[in-house]
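A.B. asks: Let me see the structure of the following:
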Amino acid sequence: MSNFKIHTIETAPEASKSSLENSVKAFGMLPNLHGVLADSPKTLEGYKTLHSLFQETSFNNDELTVVWQTINVYHECHYCVPAHTGIAGMMKVDETITEALRNGTALPNEKLQVLHETTLEIVENRGVLSQEQLNKFYAVGYENQQVLEIVLGVSQKVISNYTNHLANTPVDEPFKKFAWSKTTV
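C.D. replies: Numbering: from 1, shown residues only. Next up is the predicted model:
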């Protein structure tokens with residue numbers, strides 16, 4: 001049983017309070033993940049910084065979602081898969097992309113499929129990427145910049161996915177309708 005606390009602005013360590021206030025301004029609520037991360041002000045800051053930086057990469061909204069959800073699904077994150085399903089909707093990502101990622105089916109175009117496969121190989125093999133997969137990545141128009149940007153996305157998601165496993169973070173109310181668990185084939 002986890003003894004992690006989901007902080008409010010009032011209960012958070014002083015060094016986390018302004019960051020949590022910014023979360024409320026940005027999301028209209030305090031995400032439970034941020035409340036858990038508040039126990040470590042530097043981890044909260046690191047997570048939010050990586051999130052912001054990843055959103056500023058060369059990836060468009062569909063590609064951001066492919067990277068995030070590939071990692072979330074691989075890590076079986078009960079919190080992040082539903083959250084990023086809702087976020088993808090807000091980002092106007094086609095639902096067929098989100099559903100393919102959630103269900104482990106093929107993506108609607110080759111470029112997104114190769115991005116998914118490359119991200120998955122990086123995560124599964126802890127950063128080791130075969131030359132064959134790298135060649136496929138280049139062949140659909142990506143470059144070294146995007147490989148490194150996947151690594152940035154992995155860094156962000158490791159913080160959130162691992163924290164959610166450790167804390168058993170409850171899914172936020174707006175995302176409960178997107179609940180997810182890994183289906184076995």
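A.B. asks: what about Ala15, how many residues close to it?
C.D. replies: Close neighbours of Ala15, defined as other C-beta atoms under 10 Å, add up to 13. For every residue, glycine as well, the C-beta is placed using N, CA and C.
A.B. asks: got it, and the one 5 residues further on?
C.D. replies: Applying the criterion other C-beta under 10 Å, we find 24 residues in the vicinity of Leu20.
A.B. asks: next one: Val140
C.D. replies: Using other C-beta under 10 Å: Val140 sits among 14 other residues.
A.B. asks: Can you check the pLDDT for it?
C.D. replies: pLDDT for Val140: 98.
A.B. asks: Quick check: phi and psi on it?
C.D. replies: Dihedral pair for Val140: phi -90, psi 0, per degrees, to the nearest 10.
A.B. asks: Thought Glu117 was touching it, still the case?
C.D. replies: No - under the criterion of C-beta atoms under 8 Å, Val140 makes no contact with Glu117, lying 10.3 Å away.
A.B. asks: From Arg102, how far out is the most centrally placed residue in the chain?
C.D. replies: When C-alpha atoms, centre = their mean is applied to the chain, the residue found nearest the centroid is Trp68 (3.8 Å). Trp68 is 12 Å from Arg102, where distance means C-beta to C-beta, to the nearest Å.
A.B. asks: ditto for Gly127
C.D. replies: Note on Gly127: its distance to Arg102, by C-beta to C-beta, is 25 Å.
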